[in-house]
Every structure is written in structure tokens, then in C-alpha cells.
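Colleague: Pasted the sequence and its predicted model underneath.
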Amino acid sequence: MGAIGRLLRNVWYFFTGKVDRMSEGIEKDPTVIRRQFDVIINQRKMSINQYVEAVSGLIAIQEKKKARLEYASKELSRLAILRDGAIAMAKSRMNELQKKGMAKEQIETDATYQKCLTGFQDFSSSITQYENECRSLEGEIQSAQKEIDSHKIRLEQIKRSIDEVKKEKDATVADMLSAKEEEGINKVLAGIATDTTGEMLERLRDNRQKAKARARTTRELAQTDVQQSMAEFEKFASTSAAKTDFNKLIGLDESASAEKQIDDKPGKISEG
């Protein structure tokens, strides 16, 4: 079960690109290398997406602050007009009451004067609050813009790094394949690895030896037949020679020759 588990784990590493030091052999596989680089690229893409969301959130907050600043600025303008209006109305009422001979104390108790004074105080207080808010908003918007700009620069750097990793991915795979081929060649040259063509060469050599052995065998068989025939011929020749010599000794050849000469004489009438 342990061996099967290791096999399945290695297959998983092969298809997911998750290779650890226990799978260094698989880690050298170009497919795994590509997947590992793809994991890095995807992680950086995810980081970019998260970064974009975070920066988008900052920009959204900044836009809200800008909108608030715009509203506060408009309120400042409106309140300043109202404050100036309250001052003008108070002056007009004061002049009117002074013409009637009223003293300062009497004017200050006048309802219109009191209304203008209250309005002036309210408007001035609101103006002070809006001025403080505008200053604060302007500072916050400025700081946020600097932060957003720095994040945008960082985003551009991450995007460029993804392009660089893509290039590095192709270069790494090419280097690994080249190194693997070179390693194989060097091992063959050094005699470390078994040359796969050696087995083929060995088979060719064996077939050659077998062919030579078959040829030698047939040749030897042919020579044996010839020698046997020659031996028979020599035996027959020696037998014939012995027979001739024997016939000469007993005069058989001479009798045969004399009979032949009589038969060959002209004018001889054959019997019968």
C-alpha cells in the first residue's frame, strides 16, 4: 500500500505541479515545471485581483471624501452669504433704530437685531466647523491619493513580474530540456549510462555470427559430400587398376584383343 500511495502521490504531483524534495525526479519534468510556474503566475494574478479590489476600496472612500468636501465647500459658500446677509440686515436695522434715537442697549434688545445676531452666530459656528472639515478632508484626500498612487505603482510592478515569470518559465523549461539532453549525452560518452543502440548492435552482431556459422556448416557439409564422392572415385579407380593388372597377368586382356581382331577381319561371315 505504501508503494501505491507514493505512486498516486507522484501522479498527483505530476498533474498539479506540487512537487516537494521527496519528488526531485518528477520536479525535473518539463510538464511539472510549467505547472509550477503556472501556480506562481496564478497566485500573482490573484494578488493583483485582491490588490485591485483593495485599491478600488481606497478610491471609493476617496471619492466619498471628495463628494463630502464638495458639499462642505458649497455649504461654506452658502453660510458665508447667509452670515453676510445677517450682518447687512443687522446694520440696516441698527441704522433704522439709531435714526429713531434708540441707544445701544435698546438696539441690542430689538427682535430683528436679536434674530440677525443669532443667525450670525449660528452661521459663523457652522462655517468654522465646515472649514475645519474641509481642511481635514483635503489632507485625507491628499494622503489617500499618495497611497493610491503607490499602490498603482506596485500593481504595475506585479503585472511586469508576471510577464517576466512567463518569460522565465519558457527559458527554464528550455534550459531543463537542454540540460537533460546534455546530461544523457555526457553519460553515454562517459560510459555511465547504457547506450540504447548497444542492444541493437549486439543483436546485429549475434545475427552475423549465426549467419557465418550456418554458412560454415553448409560448406562443411558440402565438402564432406565431395570428399566422400572423391573417396568412392579413388576406390573405384584403384579397383579398376587392380582388375586390369589381374587380367593382364592371366592373359584375359590379350585373349579378348585377339578375338576382337579376328572379328574385325574383312570377309568374315558371321555364323548364323
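Modeller: That came in fine, so what should we check first?
Colleague: shouldn't Leu58 be in contact with Asp149?
Modeller: No: assessed by Cβ atoms under 8 Å, Leu58 is found out of contact with Asp149, at 10.5 Å. The C-beta positions use only the backbone N, C-alpha and C, and glycine is treated the same way.
Colleague: I'd like to know how many residues surround Tyr130.
Modeller: Counted with other Cβ atoms under 10 Å, the neighbours of Tyr130 add up to 22.
Colleague: What about Thr109, how many residues nearby?
Modeller: So Thr109, with other Cβ under 10 Å, has 10 neighbours.
Colleague: can you tell me which residues contact it?
Modeller: With Cβ atoms under 8 Å, 6 or more residues apart in numbering as the criterion, no residue contacts Thr109.
Colleague: Pull up the gap between it and Gln142, please.
Modeller: For Thr109, the distance to Gln142 under the criterion Cβ to Cβ, to the nearest Å works out to 48 Å.
Colleague: and if you look at Arg83?
Modeller: On the measure of Cβ to Cβ, Arg83 and Gln142 end up 28 Å apart.
Colleague: ok, those two, which is more surrounded?
Modeller: For Arg83 against Gln142, the residue with the higher neighbour count under other Cβ under 10 Å is Arg83, and the figures read 19 against 11.
Colleague: For the protein, give me the ranges with low pLDDT.
Modeller: For the chain, residues meeting the criterion pLDDT under 70 lie at 1-28, 184-185, 188-198, 201, 220, 222-247, 249-272.
Colleague: all helices for it, in order.
Modeller: All helices of the chain, identified by DSSP state H, fall at 2-16, 24-27, 30-99, 104-108, 111-190, 196-250, 252-264.
Colleague: The third one packs against which elements?
Modeller: Put plainly, it is helix 30-99. Here helix 30-99 is seen to pack against helix 2-16, helix 24-27, helix 104-108, helix 111-190 when contacts are counted using 3 or more Cβ pairs under 8 Å, 6 or more residues apart in numbering; DSSP states H and E.
Colleague: mind giving me the domain split of the chain?
Modeller: With domains defined by automatic domain parsing, the chain comprises 2-193, 201-264.
Colleague: Nearest spatial neighbour of Arg34, chain-adjacent residues omitted?
Modeller: Val173 (6.1 Å; Cβ to Cβ, 6 or more residues apart in numbering).
Colleague: so how far is Asp38 from that neighbour?
Modeller: For Val173, the distance to Asp38 (Cβ to Cβ) stands at 11 Å.
Colleague: ok, now Lys104?
Modeller: Counting by Cβ to Cβ, the gap from Lys104 to Asp38 is 86 Å.
Colleague: Which of these two has more residues huddled nearby?
Modeller: A count of neighbours by other Cβ under 10 Å puts Asp38 above the other of Lys104 and Asp38, at 14 against 10.
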